[in-house]
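Here is a sequence with its predicted model. Questions after.
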Amino acid sequence: MSQGRGSAVVVGMVVAMVAVAVVFQGGVAEAATYTVGGSGGWTFNVAGWPKGKTFKAGDTLLFNYGPGAHNVVAVNSAGYRGCSTPRGSKVVQTGKDQIRLVKGPNFFICNFPSHCESGMKIAITAN
């Protein structure tokens with residue numbers, strides 16, 4: 001009889017491990033990658049690009065642009081509104097930058113002179 005109980009415990013543990021694996025796989029599979037600006041890439045007048053899209057925390061934004069022509073700066077809401085770079089902001093500039101979204105608001109600008117003011121900025125809320 002104790003052999004039967006041991007088998008039930010082992011089966012229960014296997015079922016629990018499979019359930020955890022399925023949940024883990026589901027979470028990883030849900031993350032998406034978005035190319036900012038679509039085929040045009042990270043350029044002027046992309047501020048409306050996020051409209052109509054649904055983003056989740058963990059999704060990745062790919063910023064494609066010519067290195068030296070632009071950059072990407074993760075800013076706060078004040079930096080986004082004022083097209084300014086707050087102290088300590090993360091600046092990337094490879095031309096193939098990948099940034100993972102965090103839950104809540106995410107703001108990005110190009111801080112080259114006049115670029116943000118020309119619509120080179122996006123605001124995204126990730127669920």
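Arrived safely.

ok, Ala57 - contacts?
Contacts here follow Cβ atoms under 8 Å, 6 or more residues apart in numbering; on that basis Ala57 touches Leu101, Val102, Lys103, Gly104, Ala126, Asn127. From N, CA and C alone the C-beta is placed, and that goes for glycine too.

Which members of those are classed as buried?
Leu101, Ala126 (16 or more other Cβ atoms under 10 Å).

quick check, nearest of the contacts of Ala57 to Ser114?
Taking Cβ to Cβ as the measure, Ser114 sits nearest to Leu101 out of the contacts of Ala57, at 26.6 Å.

tell me the pLDDT at that closest one?
According to the predicted model, the pLDDT of Leu101 comes to 98.

which stretch of helix or strand covers Tyr34?
strand 33-35 (DSSP states H and E).

Please state the offset of that strand from the chain centre?
The chain centroid and the centroid of strand 33-35 are separated by 8 Å, computed with Cα atoms, centre = their mean, to the nearest Å.
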